[in-house]
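J.: Show me how the following folds:
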Amino acid sequence: KVADYWLDILFSKAENMPDDELFDLISSQRSMSKKLEEYGAQKSTSISTAKRIAEFLGDQMTKDKGLNCKFIIARKPEGTPVTERAIPVAIFQAEPAVRRYYLRRWLKTPGATDFDIRDILDWDYYKERFGSAIMKIITIPAALQGKTFIFLEFVA
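T.: Numbers count the residues shown, from 1 in each chain. Take a look at the predicted model:
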């Protein structure tokens with residue numbers, strides 16, 4: 001029942017869920033142990049998020065270590081690595097003109113007019129993550145105990 005509830009949310013794209021609950025449910029949060037500049041050419045979702053925070057809030061936001069990076073994974077630009085599709089959640093609280101400007105820039109969609117979080121999210125990525133969590137938490141331990149656990153409804 002619990003898995004079905006979360007699958008319904010994923011497959012319906014959270015159509016009946018308020019945006020603030022969706023952000024709480026779907027966003028990832030990581031703390032950077034070093035200053036942004038100390039990461040050099042490394043790539044990660046946290047680094048991309050920090051760079052984007054600096055873009056729209058100013059460099060002073062990333063000067064110290066311990067920056068809290070809260071982000072979602074966008075489906076665009078298509079074909080790019082997940083690390084390049086991390087969008088800071090803070091942009092969704094920005095003024096509409098600022099939000100439009102940066103989302104168009106980061107999603108590489110210059111003519112976009114719809115910025116509904118449900119249309120931005122990479123739902124396939126989140127379904128895959130959910131499937132991996134089910135495997136780690138339920139399926140693999142069940143198999144090791146000789147029990148059968150079939151999760152038929154999960155089809156990405």
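J.: Quick one: the helices in the chain, in order.
T.: With helices called from DSSP state H, the chain shows them at 2-11, 19-26, 45-57, 96-107, 117-120, 123-134, 140-144.
J.: Sketch out the low-pLDDT regions of the chain for me.
T.: For the chain, the stretches flagged by pLDDT under 70 are 139-142, 147-156.
J.: Same list (the helices of the chain) but as TSV, adding mean neighbour count and distance to residue 65.
T.: From N, CA and C alone the C-beta is placed, and that goes for glycine too. TSV is the format used below for those (neighbours: other CB atoms under 10 Å; distance: least, CB to CB, whole Å):
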stretch	mean neighbour count	distance to residue 65
helix 2-11	14	34
helix 19-26	14	25
helix 45-57	20	11
helix 96-107	15	24
helix 117-120	16	29
helix 123-134	15	27
helix 140-144	11	36
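J.: Make TSV out of the ones you listed and add distance to residue 77.
T.: Converted to TSV, the helices of the chain look like this (distance: least, CB to CB, whole Å):
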stretch	distance to residue 77
helix 2-11	22
helix 19-26	19
helix 45-57	12
helix 96-107	6
helix 117-120	12
helix 123-134	14
helix 140-144	34
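J.: out of these, which comes closest to residue 72?
T.: Shortest distance between residue 72 and those, using CB to CB, is found for helix 19-26: 5.9 Å.
J.: Between helix 123-134 and that closest one, find me the angle.
T.: For helix 19-26 against helix 123-134, the angle by axes from the mean of the first three to the mean of the last three CA atoms, to 10 degrees is 50 degrees.
J.: Packing partners of helix 19-26?
T.: Helices and strands touching helix 19-26, by 3 or more CB pairs under 8 Å, 6 or more residues apart in numbering; DSSP states H and E, are helix 117-120.
J.: now the helix it packs on, how far from the centre of its chain.
T.: Put simply, helix 117-120 sits 11 Å off its chain's centre (CA atoms, centre = their mean, to the nearest Å).
J.: For it, give me every contacting residue.
T.: By CB atoms under 8 Å, 6 or more residues apart in numbering, the residues outside helix 117-120 that reach it are 13-15, 19, 22-23, 72, 74-76, 87, 92, 103, 107.
J.: The helices of the chain: which one's closest to residue 81?
T.: The closest of those to residue 81 is helix 45-57. By CB to CB, the value is 9.5 Å.
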